[in-house]
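Asks: Here is my input; please provide its structure:
(one chain, ligands or ions: 1)
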Amino acid sequence: MKLQITFLSLLLLTLFSSVSSATTIHLIFESGFTDEFDSGGEWEALYDDIDEIKDEIEDIVDADYLAYGIGASLTSGDIPVCIGRTLTSYGGSSGIGAFYSSSVPDTAYINVEKFADQSALQGVLATIERIGRALGGTASHEVGHLLNLRHVYSYDSYDPYYDYQVIEGGVPTEQTELSDDNKNHFAIDSKTLKYNLMTSGGIIDTTERAETDRDFSKYSDAVLVFGLNGGGSISGHVGLSDTVDLNLVWGGELTVSSNITVDSDNKLYLSPNTTLKMNSGKTITINGEITVCSGVLFTKSSTNWDGIIINNGGTMTLNSLGGTIAKKIEYATTGVTINANSSTPIDNGVYTLTIDNCTTGMTIYNSTATIQNISFDNITDDAIEIDYSSSDPTIDAVSIYDGEYGIDIHSSADATLTDSELEGMDEDNIYFENSAGIDMNGGHNDVTRTSGKHAINNARPSTVFINVNYNYWNGETTLSD
Ligand SMILES: [Zn+2]
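Replies: Residues are numbered from 1 along each chain as shown. Purely as a prediction, here's the structure:
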């Protein structure tokens, strides 16, 4: 869909930057703009200055996006801004500007008539500078929305994790609906707020638009940098002061061309239906926390990516915000790797995480973690691989419907298995090596072996604890042919 197109363009920019021009905002002046300069128009007296005003708007948008490698042009570009469009034909908006990410390509609109009707831009107040600043700033604002920015990001220290009142249905709340507590927490004085390009319409008036040079806040800057770089480190982004911990929120679609690392003190919040399309070999490393709302999809952009790595202290938290669409990890070499984790690396609540179409579903190294509510489908090699002597994870309420081996426990590792279902393996459901062990005394496992293969293959002498009375073997009393 929409944002994908924007970032696909940016990706092409990355690939071909040495031979092509940068991604460009195309400023398209329509009759709604030029009419104001014709006979009877509000800006008739400025008829001879119309090109200068266009240049002024171009300069302002250009300056706003200079740091991000995006330019503005009057003749061509990738992101259209229709200046002069009446917005009522696009969903009845009566505002001064709008953006539509349901059109292709994503397009921003400016209702020039709404500006010309304001006394702050009439008579002696109708100058090249004032009109340019008002329209240019609004153009940059609407393009900002197309690049995943929201009004509430006009606070430098916006934090999606602070007091969940800022999250409605899994997305950042409107700036005008922030509680006083939120406003105080994201403290910034009201005058400064007006200098931020993403501040919402009710907070800045036409006079201020005409007289104020505006810029992106530090939080907007961090979101833009994350998106335009195709991911990156969630820690101290350039420009953020030491006192601001960056907990980044992301929504929409993003082609990820950098490894994403969430540092131990930071968090990444993925709004409902976010799609991260990972480039070949890229990883997401969680040392802090990632929150996953409904419908979040981690997938490949072309060939397989390398998956999510959850290190000691890292957590992936699943929540219910945004509906009931599955949360899925697919097309990775290893869907999830869990390293030295002794707590709850995947905090599911009651929600199932699906790991689909991966080579290996999950590897668990040196961990005593509890893994639960995960469904493995279309796995090529092992669904779950457990290794190293200090590994003794508890695997609960897991469904494995495909794979070479369902659970492969390497030498000296242990595991506890409860309430899980294993069926449809190419080889054995559970396989373990020398000195490995599995404790199924908790029972309630439902294991159906493939004909000619083993439900449990204790191929080499191992420590085995199984209470068959409380497990179901598809009615069989012999667990192998
Ligand atoms: Zn807006």
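
Asks: What is the lengthiest helix in the chain packed up against?
Replies: For the chain, the helix with the greatest residue count under DSSP state H is helix 128-146. Applying 3 or more Cβ pairs under 8 Å, 6 or more residues apart in numbering; DSSP states H and E, one finds that helix 128-146 makes contact with helix 2-16, strand 24-29, helix 50-65, strand 79-83, strand 97-100, strand 107-110, helix 112-116, helix 206-211. C-betas here are computed from N, CA, C, even on glycine.

Asks: Quick one: name whatever helix or strand follows that helix.
Replies: strand 167-168 (DSSP states H and E).

Asks: low-confidence ranges in the stretch 51-200 of the chain?
Replies: 87-94, 102-104, 164-165, 187-191 (pLDDT under 70).

Asks: let's go with 50 and repeat that
Replies: 92 (pLDDT under 50).

Asks: Excluding chain neighbours, what is closest to Asp106?
Replies: Leu146 (4.4 Å; Cβ to Cβ, 6 or more residues apart in numbering).

Asks: Can you tell me how far the one you found is from Leu224?
Replies: From Leu146 across to Leu224, the span is 11 Å (Cβ to Cβ, to the nearest Å).

Asks: what's the nearest residue to Gly313 if we skip its chain neighbours?
Replies: Gly313 sits nearest to Ser264 (Cβ to Cβ, 6+ apart), 5.8 Å away.

Asks: who touches that neighbour in this structure?
Replies: Ser264 sits next to Asn287, Gly288, Gly313, Gly314 when contact means Cβ atoms under 8 Å, 6 or more residues apart in numbering.

Asks: between those residues, which is nearest Asp78?
Replies: Taking Cβ to Cβ as the measure, Asp78 lies nearest Gly288 of the contacts of Ser264, at 33.6 Å.

Asks: hang on, that closest one packs against Val262?
Replies: Yes. Between Gly288 and Val262 there is a contact at 4.4 Å, judged by Cβ atoms under 8 Å.

Asks: Spit out the residues that contact those two alike.
Replies: Ile234, Leu268, Gly314.

Asks: In space, what's closest to the last one - neighbours in sequence excluded?
Replies: In other words, Gly314. Per Cβ to Cβ, 6+ apart, closest to Gly314 is Ile286, 3.8 Å.

Asks: what's around the one you found, how many residues?
Replies: 27 (other Cβ atoms under 10 Å).

Asks: Do I have it right that it meets Met316?
Replies: Yes. Counting by Cβ under 8 Å, Met316 is a contact partner of Ile286 at 6.1 Å.

Asks: Mutual contacts of the two, please.
Replies: Ile308, Ile310.

Asks: Give the buried residues for the helix or strand hosting Asn184.
Replies: Under the criterion of DSSP H and E, Asn184 resides in helix 180-185. Buried residues in helix 180-185, counting neighbours by 16 or more other Cβ atoms under 10 Å, are found at Asn182, His185.

Asks: same thing with stretch 76-88?
Replies: Residues of stretch 76-88 classed as buried by neighbour count (16+ other Cβ under 10 Å): Gly77, Asp78, Ile79, Pro80, Val81, Cys82, Ile83, Gly84, Arg85, Thr86, Leu87.

Asks: pLDDT of stretch 394-406, averaged?
Replies: For stretch 394-406, mean pLDDT is 94.

Asks: What of stretch 421-439?
Replies: 90.

Asks: now the end-to-end length of it.
Replies: 15 Å (Cα to Cα, to the nearest Å).

Asks: starting at the chain centroid, how far to that stretch?
Replies: Mean-position distance between stretch 421-439 and its chain equals 36 Å (Cα atoms, centre = their mean, to the nearest Å).

Asks: mind exporting the longest helix of the chain as CSV, just the C-alpha atoms?
Replies: Below are the C-alpha coordinates for helix 128-146, written out as CSV (Å, rounded to 0.1, in the frame of the first residue of the first chain):
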residue,chain,number,x,y,z
ILE,A,128,5.7,37.1,-0.8
GLU,A,129,7.3,36.1,2.4
ARG,A,130,4.2,35.7,4.4
ILE,A,131,2.3,33.7,1.8
GLY,A,132,5.4,31.6,1.1
ARG,A,133,5.9,30.8,4.7
ALA,A,134,2.3,29.9,5.4
LEU,A,135,1.9,27.7,2.4
GLY,A,136,5.4,26.3,2.5
GLY,A,137,5.1,25.3,6.2
THR,A,138,1.8,23.6,5.6
ALA,A,139,3.2,21.7,2.6
SER,A,140,6.0,20.4,4.8
HIS,A,141,3.5,19.5,7.5
GLU,A,142,1.3,17.4,5.2
VAL,A,143,4.3,15.7,3.6
GLY,A,144,5.5,14.9,7.1
HIS,A,145,2.2,12.9,7.6
LEU,A,146,3.0,10.9,4.5
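
Asks: Excluding sequence neighbours, find me the nearest residue to Thr283.
Replies: Asp306 (4.5 Å).

Asks: can you pull the buried residues of stretch 193-211?
Replies: Those buried within stretch 193-211 under the rule 16+ other Cβ under 10 Å are 193-200, 204, 206, 208-210.

Asks: Return the closest of these with respect to Lys114.
Replies: Thr206 (8.8 Å).

Asks: so the residue nearest to Thr283 sits right up against Asn279, yeah?
Replies: No. Here Asp306 lies out of contact with Asn279, judged by Cβ under 8 Å, at a distance of 10.1 Å.

Asks: Tally up the residues packed near Ala340, please.
Replies: The burial count for Ala340: 18, using other Cβ under 10 Å.

Asks: ranges for the strands of the stretch 201-350 of the chain?
Replies: Secondary structure of the stretch 201-350 of the chain (DSSP state E, counting those that start in this stretch): strands at 233-234, 248-250, 253-256, 260-262, 267-270, 275-278, 283-286, 289-292, 297-300, 307-310, 315-318, 327-330, 334-339, 346-347.

Asks: packing partners for the first one?
Replies: Which is strand 233-234. Short answer (3+ Cβ pairs under 8 Å, 6+ apart): strand 233-234 packs on strand 260-262.

Asks: show me what contacts the residue nearest to the spatial centre of the chain?
Replies: Nearest to the geometric centre of the chain sits Trp250, at 3.8 Å (Cα atoms, centre = their mean). Counting by Cβ under 8 Å, 6+ apart, Trp250 touches Asn148, Val223, Phe226, Gly227, Leu268, Tyr269, Leu270, Ser271, Thr274.

Asks: Which of the helices and strands packed on helix 128-146 sits closest to Ser342?
Replies: helix 2-16 (37.2 Å).

Asks: Could you pull up the mean pLDDT of the closest one?
Replies: pLDDT averaged over helix 2-16 gives 33.

Asks: isn't Thr107 right up against Ile83?
Replies: No. At 11.4 Å, Thr107 and Ile83 do not qualify as touching, with contact defined as Cβ under 8 Å.

Asks: Quick check: bridge partners of Ile79?
Replies: Beta-bridge partners for Ile79, by DSSP bridges, are Ile25.
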